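J.: just need the structure, nothing else, for what follows:
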Amino acid sequence: MSKLEKLKNKLTSVKRLAWKPIVREGDGGLTASKFGGKPWLNADEEWPICPNCGKPMQLFLQLNLDELPQNLNTKFGSGILQFFYCTNEIIVEHDTGLFGRTVEECETLMMNLPHDMPIKGRIGKYVDWEGDIGKVKILACEQDCVSDCEGWSPFSRCQLVRIVKQKNYHTFFDIPEIGNLFEPKLIVGWEEVNDYPNWIEIDDLEIRLDEDEKDFLDEILMEELHQGGDKLAGWADWVQYPEYPNCPICNHPMNQFVFQLESDDNIPYMWGDGGAGYIVQCSQHQEIVAFFWQCA
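T.: Modelled structure (predicted):
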């Protein structure tokens, strides 16, 4: 028996099924599972608005829980799971008043900006050439709902994750104006895969491995056992550490893992510096779902 097969046997108790989404470009029906696009909205509601900036939030994910792979068999309940997140920010350009006549001179100015030039929310700097004069400018983010509302945390004000029941719906509505609106992708199927916890959670689960097995696991885990990327069910690919928020009703950990959204996978969005987002659910109160993200 190979080392890999021996390790799989030792991890049999924690093996789970996961499903990778199969997508095609474009939107589908209002009740379809999708990334971006038009969501289901009941007739008595409007497009979700961020309470921090007052602007529409983006639809990242919609899952029709009644049309998931048969093996899940209403594990997550019934209805339509939706995840909206605010991506609005206000970027302002500041002229530093500094300028140079050569690329080298401008690069030196950018590397040595005066300490008395504090600009809140600075996110970048560049040279704006006008003829043979290079003006040094700074880009600053004056409003960022993710930072303002700690959007990486579960139950943050700049996100909405919910399970809705289908009632009478709008017969026609337009997607509101949203900056950098995602192109929709329709989920047309699911690829079933075996999934195992990553090494962080294996430690927490107190699975006893000898040193050789630990070294081997570290070498092959991502390639052979653990599934990264966007996925339904299975195990979370924790960037930092296992994190299950407590249910606001029963105060028990919400450790029913629903979905993982990887940076720049089916949605062109980065969680921090390239992390991953997670949707979890309370197994006792299925109407309670939460989203949070981690980055390195």
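
J.: spit out the contact partners of Pro245.
T.: Contacts for Pro245 (C-beta atoms under 8 Å, 6 or more residues apart in numbering) come out as 154-155, 253-254, 280, 290, 292. All C-beta atoms are positioned from the backbone trio N, CA, C, and that covers glycine.

J.: of those, which is the nearest to Val161?
T.: Distance to Val161, by C-beta to C-beta, is smallest for Ala290 among the contacts of Pro245, at 6.4 Å.

J.: quick one: that closest one from Cys247, how far?
T.: 9 Å (C-beta to C-beta, to the nearest Å).

J.: phi first, then psi, for Asp212.
T.: Here is the backbone geometry of Asp212 (degrees, to the nearest 10): phi -60, psi -40.

J.: quick one, helices of this structure?
T.: With DSSP state H as the criterion, the chain has helices at 3-10, 103-111, 145-148, 199-204, 211-220.

J.: excluding chain neighbours, what is closest to Phe216?
T.: Lys3 (5.5 Å; C-beta to C-beta, 6 or more residues apart in numbering).

J.: oops, could you answer that again for Phe182 instead?
T.: Nearest one to Phe182, counting by C-beta to C-beta, 6+ apart, is Gly36 at 3.8 Å.

J.: show me the contacts for the one you found.
T.: For Gly36, the contact set (C-beta under 8 Å, 6+ apart) comprises 27, 58-60, 181-185, 267.

J.: pLDDT, neighbour count and distance to Leu225 for the residues you listed - can I get that in JSON lines?
T.: Listed next are the contacts of Gly36 as JSON lines, based on pLDDT from 0 to 100; neighbours: other C-beta atoms under 10 Å; distance: C-beta to C-beta, whole Å:
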{"residue": "Asp27", "pLDDT": "96", "neighbour count": "16", "distance to Leu225": "35"}
{"residue": "Gln58", "pLDDT": "97", "neighbour count": "21", "distance to Leu225": "33"}
{"residue": "Leu59", "pLDDT": "98", "neighbour count": "25", "distance to Leu225": "32"}
{"residue": "Phe60", "pLDDT": "98", "neighbour count": "24", "distance to Leu225": "27"}
{"residue": "Leu181", "pLDDT": "94", "neighbour count": "15", "distance to Leu225": "37"}
{"residue": "Phe182", "pLDDT": "96", "neighbour count": "17", "distance to Leu225": "31"}
{"residue": "Glu183", "pLDDT": "97", "neighbour count": "12", "distance to Leu225": "32"}
{"residue": "Pro184", "pLDDT": "98", "neighbour count": "19", "distance to Leu225": "32"}
{"residue": "Lys185", "pLDDT": "98", "neighbour count": "19", "distance to Leu225": "27"}
{"residue": "Ile267", "pLDDT": "97", "neighbour count": "22", "distance to Leu225": "25"}
